[in-house]
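Asks: Sequence first, predicted model second:
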Amino acid sequence: MGAYDGVMETLNERADFMKESMNKSQTITDNMVSILGSFDHRLSALETAMRPTQIRTHSIRRAHENIDRTIKAAEVVLGQFDLSRQVEAKILKGPHEDLESYLEAVNQLRSIIKFFSGYKSLKSSIEVINHSTALLGKAIFKLEEEFRQILTIQSKPVEPDRLLECLPNSVKSSGGSPGHNQPGPKQSADKSTQNVAFTPPTLISDRILPLIHNLGHQMIQAGQQQEMFNIYREIRSSVIEQTLKKLGVERLGKEDVQKMQWEVLEAKIGNWIHFMRIAVKILFASEKKVCDQIFEGHDALGDQAFCEVTGNSMATLLSFGEAIARSKRSPEKLFVLLDMYEIMRELQSEIDIIFRSKYCVDMREACISLSRRLAKTAQETFVDFQEAVEKDATKTSVFDGTVHPLTSYVINYVKFLFDYQSTLKQLFRESTNGDGGEKLADVTTEIMMALQNNLDGKSKQYKDPALTQLFLMNNIHYIVRSVRRSEAKDLLGDDWVQIHRRIVQQHANQYKRISWSKILQCLSVQGSGGSGSFNDGGSSASGVSRAGVKERFKTFNIQFEELHQRQSQWTVPDSELRESLRLAVAEVLLPAYRSFAKRFGPMIQNGKNPQKYIRYSPEDLERMLAEFFEGKTWNDQKR
């Protein structure tokens, strides 16, 4: 290195000299450039001489780095070997003691297999991979057993009381508890539950659900998704079926329905409506949440599992609805058909959401099909009812002329129909693509016409034409009064009401004419023989004979007593109409009797036994008129 030091010393001396004489001349500058060029040449020669030494140093450093990396890689491999022994110990212990730790071990085992798959050049790696793969198979089998066991323990049928507690108070208070309902027309006091909150029950503990999810996820990762699917379907479908069975759900078909008495069937239909609401809004909705959480990350498999789990239970419920919709039609079934139609419409939006996956398309279509079938059967039953009213040939007679059972039945039927007014309008709108309100008004008018036509026919059964008029007056009045007090008035309109009120009055007038014109003729001064004379001989100063007067009083007494006896057995059930009719008779009869008795009574009173002919005072007649239309029996009159 001595030559190198000498060179450096010379350079320093020349540099000092350069600093002193830099500005002296151009010649000195040229010399300086030459010297610097010489310096660059020598420095390059020095670097060339030292390059082999630098290369050897770099190689040694890289070798050290490679050795370090190899040692670290070896440590990682050894660590994986050690981890595999720890994982094996955890897996051999099984999942019962610490499931979370066991699941972690399974994940670690998978990562070990993946790790050694990258070191297949090592002989021991193949052994570890084979051993770990076999161990993973055993672990998954144990996970499958654990999945089944935990799901079984957690899956218990929900007791009916718990389900009923989930119902909102508005449904409970309206008789919405299966087994406690009051079936019959107007079953749906709790119709609008669309926006009412239902409280879903906890089917599986929130604490356990994540573990079940992790177990299932491990099975799916191991390619055991079909096994997981089968276990879930088997356990959960059984639980749902047991829950509904405890609630009271039965699998009934058309033949079962046809054998039942109406009262029994009506009660079962009422319960079915509540079962549908509970099943969809509470049970199936809760099951969907459980299924979504367990199959999280595997949505398609979860959707398929949910549809398989609920499919049989939904089919059982729908089969009863189909059996009712296809059973023999009868008027009393219309209301329950409308109730069933309403619940299906109410639940349709939730059914579309809960069963929205492609796997549930058959279930959605079955629900829509049932709704359409119920609507069709309800319409056909409506038509049947109208025809049955028109053609009713029951021999039930009302001897007293009161409101016929057919009239009260039809009017009550129509009044119940208006409890379903919005449903009927919707039903008619869907079937005719027209105005549902207009169609309902037309149908109601047709039913009223059918009833009146039938009543006209029944009125002809009476031999007494006065009773015919009284019967029609009573029945049309009942119809008008009922319509005025119900929503039917809005559909039929004020004109309809006014026309039929006039019809009532016409029948009342006809009754008075038929019943009382003959007896009033007895009280006429003219009589049958001409003006001013009865032509009976024994004339008084006025030309009227005493014998003729006696005969008139005698005829009046006989006719009035006969009317009293017969028409006291007739009935006008409406108190206002009854008093109005009595008053109308009294306003004609009593003045005529008073006038006749005042004019001709003295001729009888001066003779023998005047009470034999003048039996009644005007006050007696008024009292007896008050007994008309009371529906008294012959025995009542004798007492």
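Replies: Yep, it's here.
Asks: C-alpha from now on. contacts and neighbour counts both.
Replies: OK.
Asks: which other helices and strands contact the helix or strand where residue 519 lies?
Replies: Using DSSP states H and E, residue 519 sits in helix 494-522. For helix 494-522, the contact count by 3 or more CA pairs under 8 Å, 6 or more residues apart in numbering; DSSP states H and E identifies helix 465-484, helix 546-567, helix 575-605 as packing neighbours.
Asks: Can you redo the ones you listed as JSON lines, where the extra columns are mean neighbour count and mean pLDDT?
Replies: Below are the helices and strands packed on helix 494-522 laid out as JSON lines (neighbours: other CA atoms under 10 Å; pLDDT from 0 to 100):
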{"stretch": "helix 465-484", "mean neighbour count": "22", "mean pLDDT": "96"}
{"stretch": "helix 546-567", "mean neighbour count": "18", "mean pLDDT": "93"}
{"stretch": "helix 575-605", "mean neighbour count": "16", "mean pLDDT": "93"}
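Asks: For those helices, give me TSV that also has distance to residue 199.
Replies: Below are the helices and strands packed on helix 494-522 laid out as TSV (distance: least, CA to CA, whole Å):
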stretch	distance to residue 199
helix 465-484	42
helix 546-567	64
helix 575-605	52
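Asks: hang on, the earlier thing: by how many degrees do the helix holding residue 519 and helix 575-605 diverge?
Replies: 10 degrees (axes from the mean of the first three to the mean of the last three CA atoms, to 10 degrees).
Asks: and helix 494-522, which residues are buried?
Replies: By 16 or more other CA atoms under 10 Å, the buried positions in helix 494-522 come out as 497, 500-501, 503-504, 507-512, 515-516, 519-520, 522.
Asks: circling back: nearest to residue 415, of the helices and strands packed on helix 494-522?
Replies: helix 465-484 (8.3 Å; CA to CA).
Asks: and after that closest one, which helix or strand comes next?
Replies: Past helix 465-484, the next helix or strand by DSSP H and E is helix 488-492.
Asks: Kindly format the C-alpha coordinates of that following helix as PDB.
Replies: Extracted in PDB, the C-alpha atoms of helix 488-492 (Å, rounded to 0.1, in the frame of the first residue of the first chain):
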ATOM      1  CA  ALA A 488    -126.300  -2.100   2.200                       C
ATOM      2  CA  LYS A 489    -128.000   1.300   2.100                       C
ATOM      3  CA  ASP A 490    -124.900   2.900   0.600                       C
ATOM      4  CA  LEU A 491    -124.900   0.300  -2.200                       C
ATOM      5  CA  LEU A 492    -128.600   0.000  -2.900                       C
END
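Asks: Give me the contact list for that helix.
Replies: Helix 488-492 is contacted from outside by 414, 415, 418, 437, 440, 441, 444, 445, 483, 497, using CA atoms under 8 Å, 6 or more residues apart in numbering.
Asks: out of those residues, which are inside helices?
Replies: 414, 415, 437, 440, 441, 444, 445, 483, 497 (DSSP state H).
Asks: Using pLDDT, spot the least trustworthy of those residues.
Replies: Among those, residue 437 carries the weakest pLDDT, at 83.
Asks: The closest residue to it other than its chain neighbours and residue 443: what is the separation?
Replies: Spatial nearest neighbour of residue 437, chain neighbours left out: residue 425 (5.5 Å); criterion: CA to CA, 6 or more residues apart in numbering. The gap separating residue 425 from residue 443 is 11 Å, by CA to CA, to the nearest Å.
Asks: If I look at the most centrally placed residue in the chain, what pLDDT would I see?
Replies: Closest to where the C-alpha atoms of the chain average out (CA atoms, centre = their mean) is residue 343, at 2.8 Å. On pLDDT, residue 343 comes in at 96.
Asks: Which residue of residue 425 and residue 443 possesses the greater neighbour count?
Replies: Just comparing residue 425 and residue 443: by other CA atoms under 10 Å the higher neighbour count belongs to residue 425, 19 against 15.
Asks: Quick check: which element contains the more buried one?
Replies: Assigned by DSSP H and E, residue 425 falls in helix 421-432.
Asks: List of residues touching that helix?
Replies: 338, 342, 375, 434, 435, 436, 437, 439, 440.
Asks: among these, which ones are buried?
Replies: 338, 342, 375, 436, 437, 439, 440.
Asks: roughly how far apart are the residue nearest to residue 210 when sequence neighbours are not counted and residue 244?
Replies: Spatial nearest neighbour of residue 210, excluding adjacent residues (CA to CA, 6+ apart): residue 294 at 7.3 Å. Note on residue 294: its distance to residue 244, by CA to CA, is 22 Å.
Asks: returning to that earlier point: and the buried ones among the contacts of helix 421-432, which two are furthest apart?
Replies: Applying CA to CA across the buried ones among the contacts of helix 421-432, the maximum distance is between 342 and 439, 18.8 Å.
Asks: quick one: residue 356 is in a helix?
Replies: No: assignment of residue 356 by DSSP: H, G, I helix; E, B strand; the rest coil gives coil, placing it outside any helix.
Asks: Roughly how far does it sit from residue 305?
Replies: Distance, residue 356 to residue 305, by CA to CA: 13 Å.
Asks: So for the two, which residue has more residues nearby?
Replies: Shown here are residue 356 and residue 305; by other CA under 10 Å, residue 305 has more neighbours (26 against 15).
Asks: What's the separation between that one and residue 329?
Replies: For residue 305 relative to residue 329 (CA to CA), the value is 38 Å.
Asks: Any regions of this protein where pLDDT drops low?
Replies: 1-50, 52-54, 56-60, 63-139, 170-196, 525-543, 634-639 (pLDDT under 70).
Asks: where along it do the strands fall?
Replies: Using DSSP state E, the chain contains no strands.
Asks: Residue 253: neighbouring residues, count only.
Replies: Residue 253 - counted by other CA under 10 Å - has 18 other residues nearby.
Asks: what's the answer for residue 263, then?
Replies: By the criterion of other CA under 10 Å, residue 263 has 11 neighbours.
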